[in-house]
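A.B. asks: Give me the fold of what follows.
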Amino acid sequence: MSAPTIYLQENQSAGVPPLSLTGERTLPDVPAENYWYRRHLAVYAWIARRVGGQRVLDMACGEGYGSSVLAGTAASVVGVDANPEAHEHARLRYRAASLRFERGLVETYGRPGSFDAVVFLQTIEHVQDPAAVLGHFRRLLAPGGVAYISTPNLLTLAPAGAEKSDNPWHIKEYRADEFAELCRGVFASVELLGLFHARKLAVHERALALGWDRIHPRLGLTKPFYDRFTPAIAATDFRLAPGRLDHALDFLAICR
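C.D. replies: Presented below is the predicted three-dimensional model:
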């Protein structure tokens, strides 16, 4: 049996230790991972346009790229992660006057009323007691504050009829109604959006529906096509929208 491929971040600055791709979190600078990285980045960019001048907490910030995006508009951003390697990488790589990184647990970090926005993307599916975590976030928000919570859609992530994908890091994956119910059990107001393919990914999706997966192997195009297509995917190849949530890739709950 061959050893599994280990993907390491490419082209890191001097003094910044590269992270390896384990499947627990997505990473920039790994060409094979670009689809997932851009899928997450699209949501961070959408939130960044809505937190201008605010005090933002990015919980489970991982590699730190999302915190850096938020810091482009926010008054201040704290990126928090419990993993020591991710924390050290983020601290060394992303530097801005309005940005800092701290190690901490999502269940306990922070003081009540300290933030105008709490961001928690693609992580609620990893936690043992999601309602308690959301309750903690609600307490961290100042009056009028907003929590942005995202998670993958079970119906498009897992095989048809399955209750979970094969991702070993996920404890619970949600349908739209389950995720909405979880958030509405903690927050008074919850708006749910779906993340969908756009632009060239929407074209690719239509091609798949027409049988592209049967054609490219017969023509010997699989590797040359995807070696070009995957690294070219951008955050703008995704869009957030209401409606058709059963068909969404991910959900974003905007909680007040």
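
A.B. asks: Give me the below-cutoff pLDDT ranges for the protein.
C.D. replies: 1-4 (pLDDT under 70).

A.B. asks: Can you name the next helix or strand after the lengthiest helix in it?
C.D. replies: Longest helix in the chain by number of residues, with DSSP state H as the criterion: helix 34-48. Per DSSP states H and E, the first helix or strand lying C-terminal to helix 34-48 is strand 55-59.

A.B. asks: quick revisit: show residues contacting the longest helix of the chain.
C.D. replies: 26-28, 30, 65-66, 69-70, 72-74, 117, 119, 121-122, 148, 150, 195, 230-231, 233-240, 249-250, 252 (CB atoms under 8 Å, 6 or more residues apart in numbering). Every C-beta, even on glycine, is put in place using the N, C-alpha and C of the backbone.

A.B. asks: Next step: those residues restricted to helices.
C.D. replies: Using DSSP H, these in helices are 65, 66, 69, 70, 230, 231.

A.B. asks: State the distance from the fifth one to residue 192.
C.D. replies: Read that as residue 230. Distance from residue 230 to residue 192, counting by CB to CB, to the nearest Å: 29 Å.

A.B. asks: quick one: which of these two has more around it?
C.D. replies: Between residue 230 and residue 192, counted using other CB atoms under 10 Å, the more crowded position is residue 192 (20 against 14).

A.B. asks: what about that one, which SS state?
C.D. replies: Three-state assignment for residue 192 (DSSP: H, G, I helix; E, B strand; the rest coil): strand.

A.B. asks: Relative to residue 148, how far out is it?
C.D. replies: 12 Å.

A.B. asks: Could I get the full set of strands for the stretch 151-256 of the chain?
C.D. replies: 190-197, 238-241, 250-255 (DSSP state E, counting those that start in this stretch).

A.B. asks: among these, which is nearest residue 167?
C.D. replies: strand 250-255 (13.4 Å; CB to CB).

A.B. asks: how about the helices of the stretch 151-256 of the chain, start to end?
C.D. replies: Ranges of helices in the stretch 151-256 of the chain, per DSSP state H, counting those that start in this stretch, are 154-157, 176-184, 199-209, 212-219, 222-232.
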